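J.: Predicted model follows, preceded by the sequence.
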Amino acid sequence: MDAMIKVEHLSKKFDDLVVLKDINTTICKGEVISIIGPSGTGKSTFLRCLNLLETPTGGRIVINGEDILSPKADVNAMRQKMGMVFQNFNLFDHLTIMDNLTIGPVKLLGVKKEDAVARGKELLQMVGLAAKANSFPSELSGGQKQRVAIARCLSMNPEIILFDEPTSALDPTMVSEVLGVIKHLAQEGMTMAIVTHEMNFAKDVSSRILYMDEGIIYEDGTPDEIFNHPKKEKTRVFIHRIRNCRYHIEDKDYDFYGMNNVITTFCEKHFFSSNQVQSILLLVEESLQLYFDKDNLEQRNAIIKEGGGIELSIDYSEKEEEIVIYFTVTNNLPSILKTSESSDGLSMTIISGLTSSVEEDDVGDKTRFIMKVKK
Amino acid sequence: MLRKLFRAFLTIVIVQSALACSNDKKDTIRLESLNDISDKRIAVVMGTTQDDYACKTFPDAVISRYESASDMAISLTQGQVDAFLADGTEAKMIVEEYPELIIFEDRVYSELFGIGFGDGTLRDKFNIFLGKIKESGQLQKIVSKWENNPRDAVMPDFDFSKDNGSLKIGTNPVMMPFEYVRDGRYVGLDIEVVSMFCKEIQMTPEFSNMPFGSLIAALSSGKVDLICSGITITPERQKQVKFSEPYYESKTSMITLKKYVDGSRHKVIGVLMGSTQDFLAAELFPDAQLNRYENADQMVLALKERVCDQIVIDDIRGEVLIDIYPEFKYVSDSLAADSVVVVSSLQNRAIIDRFNLFLEEIEQSGLLDSISKQWFVNPSGAVMPPIPDGKNGILKIGTTAEDFPYSFIRDGKPAGLDVDMMVRFADYIGKKPEFQINTFSGMITSVLTRKVDIAANTIMPTEERKKQMSMSEPYLKYNSGLMESQKSAVSEGTFFGKVKESFDNNIVKERRYLLILNGLKVTLIISLLSILLGTILGGIICAMRMSKNAIARITAKVYIDILRGIPQVVLLMLMFYVVFSSVNLSGVIVASITFAMNFAAYVAEMFRTSIESISVGQKEAGIALGFSKIKTFIYIIMPQAVRRVLPVYKGEFISLVKMTSIVGYIAVQDLTKVGDIIRSRTFDAFFPLIFIAILYFLLAWLLTLLLNLVELKTVPQRGKE
């Protein structure tokens, strides 16, 4: 496939703040690219660099073979072939809907007014708003406005449409009507780059997903790759909307109440039920009982302390609604699963009762004890 | 809402009546003996023996305390007190300065002055010194000097030695002739005596100015060594102050308003500013209140409206007025003689010389006499000479056209004796006369800035004017007399009858409506020109103000700040008399340029605000579509900005139309000036003003309607509303 847009080492900084470090990617004709990532990572900035609403501070952007950053480039002509749909719609408030759709073609492309109006009617029909041709933007709802904005882009027969968080300003009831139109466009083969927070939509409609973080394209893949098998940790954390809590235990004289406080605060922040909170606290307590078992307590304590203590980490995935508790400790310490065998087994029973799975794995010179809390 | 209005109205009526009543009460004060003062309002200087005396002697009076005798004098003339006490010599000087005041009682009481000391030894030294100058008669000489000539008595110079240090002296230098400030120096009887003492004991005096009431405290606390301030020796003070022997015996007088004493009703007399009567006023009218007027027409109007009881007016004008207004009559004639001249700038002496030659000719030939007669006997019918073409150029003549029958507007054109004479003079020197009609002060300014070559408007040759301008020989001499009106201010006739009469007089007579129409035209032209130029200029300034170029931005900011910081009247006169002084641009053009410049400054900021108020997304959408920056502005930003700015723009527009009323200051005859001119002919204050106001209102209203139409076209949504 021909690369329509080539981006090489694109960088953008605002005064001292570096937003885009080094962006490299290509967009080919017919592709539907969704750009996802945490807030403030430069997704919108990247998109706005493509049609030069922001001026890059470094790098190259080549569109259809033309370097658009060169002083000879005809930027206006380039923009006429790229449409942009904004988060805040930005319809022209002083013009009717029909005028919004015809002003571009008539004033910029030299289209005759009647032809522009006819095409406008077609487009309104396509987005389901034929009845609103003579209304003013102030009379429309958000979802309707955005659909008109899309129609306005289409009136210019663009080669690619850029969507900057098209549904972020809409309430859930209107989101679907807009996403429907975008899906329809994708089916018709329109090349699109969409910055969005709607993960399901992105998974559905895109041919490629770009996950942006740390000022670069952190990970790049098909929807299946990104959503089901993210290669990088940060991607995974983002996809699964994982929230995390950590606590360090140095030795047997750790602050029991302090630790419980940290755990409880984390749980309250994420609205865990009191059952869940109790379960987690109990699991942690019993696990630590096993680590600091009465048999060979001094020896065990010495090993633990020498090994850098125990790292407690609780992961909560909003997406899967799953709570996982991790204990990481030096592998000089014998596994606590063995400990549970030799002791009265009460701790392990409790643990088994509250978890859906219990595992142990090796990570470098540490052993990791993993408990998945029962739902 | 209505109730509130009614209550406000009622309050106003009551307050006005109360004021009126209290006014009457003041007028009925009659003082025949000191006893009559006992329950009135008496003023004294704070902390002096006057204070004690008044409190003890007039326990029922309302005593107010002041810092000095001059403050009390002013208060008395303003009616805030009924009488005040002052030292005898001071009293004499005050009644000289304020002719409406009189010494009611010469010697209310007398007292002895002493110098106050904190240290007994110093006091004794002073007494020895005092004894010496009393015996030698030196003290008497000094006292006589200061008593007889308080203002100009010579204060000797002293060569003080610094051997024994300085003597700190406290004084309150506001009492002539004892201690006061003249030419930045402390002078007076007390000052001279203590200075002599300082010389005697070889010390340098160091004077400190403090309120009278603080003197004793300063002495007690040691801040000063000696106090001298016309201080009376009293037993109470002797407890705290070591007084010297008395060096002066003073008497205290009581001063009050003349009108309280002679019982005659206070007359208000109008005189012309700069006339002989103005200068001799105090002597001629010792018990009258004088109102000074800039031109005769204003003065006559004042008489007609009973603002003045009498006016001093020349016999020529007087006769003409008596013919027209039978209620006027002379009370006394030949009060003083006056003359009038024509003037030009000091540099243009040449034209005055030529005028003097011309004047000699027409005097000798008897022409001056005959044209004078025709203007004085039949001003409405007198024939103006033909306007010459003038092959030698144009003669610019300044006049007010508000000085009947010397200079006034008849049938829309200037006419009158002075005007006639000027036309003939122009012909004499082969030039075409061009009259610039202005206010009197504007006319004088025009002469000084050489905007006009010569001015003629019964200008009297005052000393000051002689210094500033070239003056011709007098072309007219007349006597002035005192004239009064016998008709009461309330005229007979029904309201509608009066309205119809006013209408007739002010609008119909002499086809004055044509004048009004012309004034309206001028106002309209200036308004429209200014708005057009101003809007365009405003757009340019706005673009500069919003540009990325720092120079353009700062220039625009400076322009806006300066133009918004200068009052329009001042700016207009600056432009006409200074910037365009040598350029021959008509007043209408100068006015339009000035108003446009001012309008642009305000409008630029309005445009900027309206543009900045449009959300940045609109611009981004336009750019994203592929519009260039300019096209985005024209098709997307500007239409939205226009509808946002229209409401405030309308207001500024109307403001400008009303502001054009100041062009009278630069000799342009707009609607307001026409009103003035008519008023000066008909002496009707009420009708022309109301009529002109209504015309302005209609003009503003029509223009608003026009703008509303524009608004409708650009904002179709508002039309739906």
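T.: The structure has been received and is ready for your questions.
J.: in the stretch 1-150 of chain B, what residue is nearest chain A?
T.: Of all residues in the stretch 1-150 of chain B, B:Met1 sits closest to chain A, at 34.9 Å by Cβ to the nearest Cβ. Any C-beta I mention is one placed from the backbone N, CA and C, and that applies to glycine too.
J.: Repeat that for the stretch 301-450 of chain B.
T.: Counting by Cβ to the nearest Cβ, the stretch 301-450 of chain B gets nearest chain A through B:Gly442, at 48.5 Å.
J.: quick one: that residue is in a helix?
T.: Yes - applying DSSP: H, G, I helix; E, B strand; the rest coil, one finds B:Gly442 inside a helix.
J.: ok, it touching B:Ile666?
T.: Yes - B:Gly442 lies in contact with B:Ile666 (Cβ atoms under 8 Å); the separation is 7.1 Å.
J.: Quick check on those two: which one has the bigger neighbour count.
T.: B:Ile666 (26 against 21; other Cβ atoms under 10 Å in any protein chain shown).
J.: For the closest residue to the more buried one other than its chain neighbours, grab the count of nearby residues.
T.: Excluding the flanking residues, the one nearest B:Ile666 by Cβ to Cβ, 6 or more residues apart in numbering or on different chains is B:Phe576, at 4.1 Å. Counted by other Cβ under 10 Å, the residues lying close to B:Phe576 total 26.
J.: Per-residue confidence at B:Phe576, what does it come out as?
T.: Looking at B:Phe576, its pLDDT reads 86.
J.: can I assume it is in contact with B:Val452?
T.: No - using Cβ under 8 Å, B:Phe576 is not in contact with B:Val452; the gap is 11.9 Å.
J.: list the contacts for the residue of the stretch 301-450 of chain B closest to chain A?
T.: The contact partners of B:Gly442, by Cβ atoms under 8 Å, 6 or more residues apart in numbering or on different chains, come to B:Gly664, B:Tyr665, B:Ile666, B:Ala667.
J.: A:Lys183 now?
T.: Contacts of A:Lys183 (Cβ under 8 Å, 6+ apart): A:Phe201, A:Asp204, A:Val205.
J.: let's see it at 10 Å
T.: Contacts for A:Lys183 (Cβ atoms under 10 Å, 6 or more residues apart in numbering or on different chains) come out as A:Val32, A:Ser176, A:Phe201, A:Asp204, A:Val205.
J.: which residue packs closest to the third one, ignoring adjacent ones?
T.: The spatially closest residue to A:Phe201, leaving aside those adjacent along the chain, is A:Leu179, at 5.2 Å (Cβ to Cβ, 6+ apart).
J.: How about the last one?
T.: Nearest non-adjacent residue to A:Val205, counting by Cβ to Cβ, 6+ apart: A:Ala186, 4.9 Å away.
J.: Could you check how many residues crowd around the one you found?
T.: Neighbour tally, A:Ala186, other Cβ under 10 Å: 19.
J.: doesn't it fall inside a strand?
T.: No - A:Ala186 is assigned helix when assessed by three-state DSSP, not a strand.
J.: from memory it sits against A:Met192, does it?
T.: Yes - the criterion here is Cβ atoms under 10 Å, and A:Ala186 meets it with A:Met192 at 6.6 Å.
J.: residues shared between the contacts of these two?
T.: A:Gly30, A:Glu31, A:Val32, A:Val205, A:Ser206, A:Ser207.
J.: who wins for most neighbours among those?
T.: Neighbour max across the shared contacts of A:Ala186 and A:Met192 (other Cβ under 10 Å) = A:Val32, 25 neighbours.
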